[in-house]
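K.L.:
let me see the structure of the following:
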Amino acid sequence: MSNVEQEADNSKRNSEESDVMLKNQQMVRVQQMATVEWIQQKRKDKDSADDMRSWRLQNDVA
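P.N.:
Reported below is the predicted structural model:
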């Protein structure tokens, strides 16, 4: 295998590895965003429950 062929082979392999790494980073980022959204929703749910509990206490509703 000539040097040119070997360099082309290495370049292709590096490109493929970079593509895999980029896809992995993108998947991690999507998972992080989904986790943040889930946490934010849980906080909203808790805030809503706390607001309802507070309203009930203020209005003496069981």
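
K.L.:
and the gap between D60 and D47?
P.N.:
As judged by C-beta to C-beta, to the nearest Å, D60 and D47 stand 22 Å apart. Bear in mind the C-beta positions are built from the backbone N, C-alpha and C, glycine included.

K.L.:
of these two, which one has the most company?
P.N.:
A count of neighbours by other C-beta atoms under 10 Å puts D47 above the other of D60 and D47, at 10 against 6.

K.L.:
how far away is the more buried one from R29?
P.N.:
The gap separating D47 from R29 is 27 Å, by C-beta to C-beta.

K.L.:
now do L57
P.N.:
Taken as C-beta to C-beta, the span from L57 to R29 is 42 Å.

K.L.:
so who does E37 touch?
P.N.:
E37 sits next to no residue when contact means C-beta atoms under 8 Å, 6 or more residues apart in numbering.

K.L.:
tell me the pLDDT at V28?
P.N.:
For V28, the model assigns a pLDDT of 98.

K.L.:
sketch out the low-pLDDT regions of this structure for me.
P.N.:
For the chain, applying pLDDT under 70 flags the ranges 62.

K.L.:
mind listing the helices for it?
P.N.:
3-58 (DSSP state H).
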